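Q: sequence unknown, structure follows:
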C-alpha cells in the first residue's frame, strides 16, 4: 500500500475526477486545457496504476465502473482536503477574519436568511462574503469540492452533504402579454401542449435534478419542444417576454411583470408545482474558523422562512 501511494501520480486522480464530473473526455479536456488524447492516456495510466477498469466506453458514452465510483468518491475527498490545506497554516487572528463563499442558484429570495446574513456580518465586520451564482449541478459540485462554504440550490442533493430546506417556491406558467393565448380565461393545461417552451437549465425531462416543475410538465405533456433555456431566472423571463415560448417562473418574481402588463399567467391556477430550495454544506471538508462560526450560526435551530 505504501508503494502504491508513493508511486501514484496525484494529477491522474484529478484528471479522472474531472472526466467523471463532465461524463466526457472531450469536455474534461476543454476544462483542463489539454488535448482529448492526453486525457484518455491519463485515465489509461491511472487504470494501469490501480489495476482496475475505471470507465466503460461505449462509443461516445462513458460510464463509471464500481471501482471507478469508489475511486471517484475518494478522489473528491482528497481534492477537498488538499485545496484547503492553506487554512491549516493560518494563525487564529485576534478578531474573527476570513471569507465566506456562498454558491447559489439565481434569484433565491428568503427574508429570514437575509436577516441572518445581515446579523452575522454586523457582528463580524472583519469577515468577507463572496457570492457565486451557478447552476444547480455546479452549486452542488462546489460544495462537494470545498470551493464554497455552503450552497443554496434546488435539485437532488447527494446524501453525503448536510441539507436543510430553506424555502418552498411556487411556480406558475406564463406567456408574453401579446401571445395568442394571453387574455383567455377558458384555458386548461391540455391547451398548452405543443407550445414552444422556455426552461431552466436543470429542468430536463428525465434529468438528474428533475423536480415537481419538471414532473408537472411530463404529466401535462407540456414543453416537449424546448426553444430556449437558461440558469438565470431573469433571462428565462426575458425569453418569455420576447415571445420565444411559454415557461415557468417563481410566482413571487413574476407578479410584478404581470401587474405591469408584460406577462400573462397561464394554467394551472391551483395546486401549482413547487420547488424546494435547500441550504447545503459539506462536513467532510476542513473549514476556517470564520466558516465554522458562520455555519454554526446559520444552521442553529431557527425558522428560515
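A: Received it, and whenever you're ready, just let me know what you need. Everything numeric here is computed off the predicted structure, so don't read it as measured data.
Q: Isn't residue 171 up against residue 272?
A: Yes: Residue 171 is within contact range of residue 272, at 6.0 Å (criterion: CB atoms under 8 Å). C-beta coordinates here come from the backbone N, C-alpha and C atoms, glycine included.
Q: all helices of the stretch 151-300 of the chain, in order?
A: Here the stretch 151-300 of the chain has its helices, by DSSP state H, counting those that start in this stretch, at 212-220, 233-241, 251-259, 289-298.
Q: Make a markdown table out of these and add mean neighbour count and distance to residue 157.
A: Below are these laid out as a markdown table (neighbours: other CB atoms under 10 Å; distance: least, CB to CB, whole Å):
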| stretch | mean neighbour count | distance to residue 157 |
| --- | --- | --- |
| helix 212-220 | 17 | 15 |
| helix 233-241 | 19 | 20 |
| helix 251-259 | 15 | 23 |
| helix 289-298 | 18 | 16 |
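Q: Go through those helices and name the closest to residue 181.
A: With CB to CB as the measure, helix 233-241 is the member of those nearest residue 181 (12.1 Å).
Q: starting at the chain centroid, how far to that closest one?
A: In terms of CA atoms, centre = their mean, to the nearest Å, the centre of helix 233-241 is set 19 Å apart from its chain centre.
Q: What of stretch 262-275?
A: Here the centre of stretch 262-275 is set off from its chain's centre by 24 Å, with CA atoms, centre = their mean.
Q: For it, list every residue counted as buried.
A: 262-268, 272-275 (16 or more other CB atoms under 10 Å).
Q: Which ones among those lie within strands?
A: Here DSSP state E is the test, and the buried residues of stretch 262-275 give 263-266, 274-275 as lying in strands.
Q: Name the nearest of those residues relative to residue 61.
A: Nearest to residue 61 among these is residue 275, at 29.5 Å by CB to CB.
Q: Next up, the contacts around the closest one.
A: 154, 168-169, 171, 211-213 (CB atoms under 8 Å, 6 or more residues apart in numbering).
Q: which two in those are spaced the farthest apart?
A: 168 and 213 (12.0 Å).
Q: Excluding chain neighbours, what is closest to residue 189?
A: residue 220 (4.3 Å; CB to CB, 6 or more residues apart in numbering).
Q: That neighbour is in contact with residue 191, isn't it?
A: No: between residue 220 and residue 191 there is no contact, the gap being 10.2 Å when judged by CB under 8 Å.
Q: Tell me where the stretch 1-150 of the chain has helices.
A: 2-7, 10-22, 25-32, 36-50, 66-83, 85-88, 111-123, 136-145.
Q: any chance of these in JSON lines, plus mean pLDDT, distance to residue 239 and mean neighbour count?
A: Formatted as JSON lines, the helices of the stretch 1-150 of the chain follow (pLDDT from 0 to 100; distance: least, CB to CB, whole Å; neighbours: other CB atoms under 10 Å):
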{"stretch": "helix 2-7", "mean pLDDT": "66", "distance to residue 239": "51", "mean neighbour count": "8"}
{"stretch": "helix 10-22", "mean pLDDT": "90", "distance to residue 239": "26", "mean neighbour count": "20"}
{"stretch": "helix 25-32", "mean pLDDT": "91", "distance to residue 239": "25", "mean neighbour count": "18"}
{"stretch": "helix 36-50", "mean pLDDT": "91", "distance to residue 239": "33", "mean neighbour count": "17"}
{"stretch": "helix 66-83", "mean pLDDT": "88", "distance to residue 239": "35", "mean neighbour count": "16"}
{"stretch": "helix 85-88", "mean pLDDT": "70", "distance to residue 239": "42", "mean neighbour count": "11"}
{"stretch": "helix 111-123", "mean pLDDT": "93", "distance to residue 239": "28", "mean neighbour count": "13"}
{"stretch": "helix 136-145", "mean pLDDT": "93", "distance to residue 239": "19", "mean neighbour count": "22"}
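Q: would you turn those helices into a markdown table with distance to residue 196?
A: Converted to a markdown table, those look like this (distance: least, CB to CB, whole Å):
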| stretch | distance to residue 196 |
| --- | --- |
| helix 2-7 | 55 |
| helix 10-22 | 29 |
| helix 25-32 | 28 |
| helix 36-50 | 35 |
| helix 66-83 | 38 |
| helix 85-88 | 49 |
| helix 111-123 | 35 |
| helix 136-145 | 23 |
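Q: Which one, of these, ends up nearest to residue 284?
A: helix 66-83 (6.2 Å).
Q: separation between the residue most central in space within the chain and residue 211?
A: Geometric centre of the chain, nearest residue: residue 136, 1.6 Å, by CA atoms, centre = their mean. Distance from residue 136 to residue 211, counting by CB to CB, to the nearest Å: 9 Å.
Q: residues shared between the contacts of those two?
A: Common contact partners of residue 136 and residue 211 (CB under 8 Å, 6+ apart): 154-155.
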